[in-house]
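J.: could you work out the structure for the sequence below:
(one chain, ligands or ions: 4)
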Amino acid sequence: PEFDLIIRNGTVITASDRFVADIGVRDGRIAQISRGMEGADEVIDATGLLVMPGGIDSHVHFAQPTSDGTVMADDFETGTRSAAAGGNTTVLPFALQEKGKSLRECVKAYHAKAEGNCFIDVSFHMIISDPTPQVLGQELPALVKDGYTSFKVFMTYDDLMLTDRELLEVFDVARREGALVMVHAEGHDAIKHMAARLEREGKTAPYYHGIAHSQIAEREATHRAISHAQLCEIPIMIVHVSGEDPMEQIQWARRRGLNVLAETCPQYIQLTMDDLKGLNMDFEGAKYVCSPPPRDSASQEAIWRGIKDGTFDVFSSDHAPFRYQGRNNTGKDNPNARTSFRWVPNGIPGVETRLPILFSEGVSKGRITAERFVALTATNPARIYGLYPKKGSIAIGADADIVLWDPEMEKTITQGALHHGSDYTPYEGLEVKGWPVRTICRGRTVVRDNKIVGAKGGGEYCTRARSEMV
Ligand code: URP
Ligand code: ZN
Ligand code: ZN
Ligand code: ZN
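T.: Ligands and ions are numbered 1, 2, ... in the order given. Next comes the predicted model:
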């Protein structure tokens, strides 16, 4: 037969168009888009389904060690399995530079973790935590040239944060090499100050994490990151924006013609500080501790405005999974964390629920179009991180990374039905309309009707081009 696979009569959605068509796949790529196609080993009837580019989750953490010995609940196997079940065909996890280690050896270590273990395609962003002269002068430029074209820097966390001077030095390397910098923008000293004051007052429950990580500190750091990027004449991506204050800084920068990109995540439309209260200001709130923390319902409305009006380019999960009950105190619930919110591991699982939440709350509820959904969750991440046109669209020649989506299917999100390594979901009980019924990565079905049918090791590493934004 002419094709390996024909997906027949679905409604194809791209970032800009919507049309009914058949898609012919050959050798893992989209070979033809037309009507009435015949001749394939396998034919899928997609009548009534949406045919969209597979999700690209450009911000996830798998198997990333933490300074206090808590252990991430997902490695590359369970993380990519969960991602695939949620309709994703590519994820971009971080390769963390541990202090004192060379960037090259850290990146190699993540390749070893990923090799042979992934259900879908992956590509790494680096995290630069130790910008020594050797890293700035040789290692980082060499890695950017090798296709690691984006990296993240932190303005907070004791073990990760860079000083302003270090940020500027890293930004200069990004300008020279044409790399895209992702910034975790929260002001470290303001957070430390607030945390110390809260602890003195005996306010140690997980809820107070949200008070310590004030939106004011996020706003200030967002502005500072933008100013440093302006000095160094580089575009930057502000990741995991939680509310209106940092959004205003981004809009302010754009009015001045600065190239500032922005990302938000499901937690900022679906959770609030009330979730951090747990049942009665108890430790249950630890299940929702992430940075920046979810804010309030007014912030959720502001984030929705930003999703609609283009303030946000990317909607990613920031999947940073911990178990609530880990073995040997490796989970969120550990003796240290019980003494203060400061020791609660930061991060929540969400790689599997990202697309259903945005589709249901966004498309099904009429806040955004399906085209905008595709832009935010696949096409923009592909363009911004150098994967386009191989990934992120339904187009001839592109990888056949496709999700078949039933826009009418109603589901209740429950831990028992998810495929991640955490022992809880922060979205337990959330009712959604719209669900991925088949995930196809380079022409191979990885997940069908919530069952994993693909092979571990079917996913490949993708070397990336420079960002289109640079
Ligand atoms: O709390 C979070 N988001 N943890 C993951 C690391 C990060 O800052 O993205
Ligand atoms: Zn971050
Ligand atoms: Zn500079
Ligand atoms: Zn993150």
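J.: okay, which residue is most central for this protein?
T.: The C-alpha lying nearest the average C-alpha coordinate of the chain belongs to His59 (Cα atoms, centre = their mean; 2.7 Å).
J.: now it: phi and psi?
T.: Summarising the backbone geometry of His59 under the convention degrees, to the nearest 10, its torsions are phi -150, psi 90.
J.: ok, it touching Val241?
T.: No - His59 is beyond contact range of Val241, at 11.7 Å (criterion: Cβ atoms under 8 Å). No exception for glycine: its C-beta is placed from N, CA and C like everyone else's.
J.: so how far is stretch 377-393 off the chain centroid?
T.: In terms of Cα atoms, centre = their mean, to the nearest Å, the centre of stretch 377-393 is found 13 Å from the chain centre.
J.: and that stretch, end to end?
T.: Terminal residues of stretch 377-393 are spaced 11 Å apart (Cα to Cα, to the nearest Å).
J.: try stretch 203-213
T.: First residue to last in stretch 203-213 (Cα to Cα) measures 14 Å.
J.: average pLDDT for that stretch, rounded please.
T.: Stretch 203-213 carries an average pLDDT of 98.
J.: same question for stretch 5-12.
T.: 98.
J.: on that earlier part again, which neighbours do His59 and Val241 share?
T.: Counting by Cβ atoms under 8 Å, 6 or more residues apart in numbering, the residues touching both His59 and Val241 are Glu263.
J.: for stretch 38-56, which residues meet the burial criterion?
T.: 40, 43-44, 46, 49-56 (16 or more other Cβ atoms under 10 Å).
J.: now those as CSV including distance to ligand 3, pLDDT and secondary structure?
T.: Formatted as CSV, the entries for these read as follows, by distance: Cβ to the ion, whole Å; pLDDT from 0 to 100; DSSP: H, G, I helix; E, B strand; the rest coil:
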residue, distance to ligand 3, pLDDT, secondary structure
Ala40, 54, 98, strand
Val43, 56, 98, strand
Ile44, 52, 98, strand
Ala46, 50, 98, coil
Leu49, 49, 99, coil
Leu50, 45, 99, strand
Val51, 45, 99, strand
Met52, 40, 99, strand
Pro53, 36, 99, strand
Gly54, 37, 99, coil
Gly55, 35, 99, strand
Ile56, 30, 99, strand
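J.: may I see these organised as a markdown table, with distance to Lys451 added?
T.: Formatted as a markdown table, those follow (distance: Cβ to Cβ, whole Å):
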| residue | distance to Lys451 |
| --- | --- |
| Ala40 | 22 |
| Val43 | 20 |
| Ile44 | 15 |
| Ala46 | 18 |
| Leu49 | 17 |
| Leu50 | 20 |
| Val51 | 20 |
| Met52 | 20 |
| Pro53 | 22 |
| Gly54 | 17 |
| Gly55 | 18 |
| Ile56 | 23 |
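J.: could you single out the nearest of the residues you listed to Thr14?
T.: Lowest distance from Thr14 to those (Cβ to Cβ) belongs to Pro53, with 7.1 Å.
J.: quick check: closest non-adjacent residue to the closest one.
T.: Sequence neighbours aside, Ala378 is the residue nearest to Pro53 in space, at 4.1 Å (criterion: Cβ to Cβ, 6 or more residues apart in numbering).
J.: the one you found: what's it in contact with?
T.: Each residue near Ala378 by Cβ under 8 Å, 6+ apart is listed here: 15, 52-56, 391-393.
J.: wasn't it part of a helix?
T.: Yes - checked against DSSP: H, G, I helix; E, B strand; the rest coil, Ala378 lies within a helix.
J.: any idea how far Tyr427 is from it?
T.: Shown here: Ala378 relative to Tyr427, a distance of 21 Å by Cβ to Cβ, to the nearest Å.
J.: which phi and psi values does Leu180 adopt?
T.: Dihedral angles phi and psi of Leu180 (degrees, to the nearest 10) take the values phi -100, psi 130.
J.: how many neighbours does it have?
T.: For Leu180, the tally of surrounding residues (other Cβ atoms under 10 Å) stands at 25.
J.: Gly459 in helix, strand or coil?
T.: Under three-state DSSP, Gly459 falls in the coil class.
J.: so who does the closest residue to it other than its chain neighbours touch?
T.: Take Gly459 and drop its neighbours on the chain: the residue closest to it by Cβ to Cβ, 6+ apart is Cys118, 3.1 Å away. Remark: with contacts taken as Cβ under 8 Å, 6+ apart, Cys118 is in contact with 76-77, 80, 456-460.
J.: one more time with 6 Å, if that's ok
T.: The neighbours of Cys118, taking Cβ atoms under 6 Å, 6 or more residues apart in numbering as the test, are 76, 80, 459.
J.: mind putting those residues into CSV with neighbour count and distance to ligand 1?
T.: As requested, the contacts of Cys118 are exported to CSV (neighbours: other Cβ atoms under 10 Å; distance: Cβ to the nearest ligand atom, whole Å):
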residue, neighbour count, distance to ligand 1
Phe76, 23, 17
Thr80, 33, 18
Gly459, 28, 22
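J.: closest to Glu169 out of the residues you listed?
T.: Glu169 has its nearest neighbour among the contacts of Cys118 in Phe76, at 31.3 Å by Cβ to Cβ.
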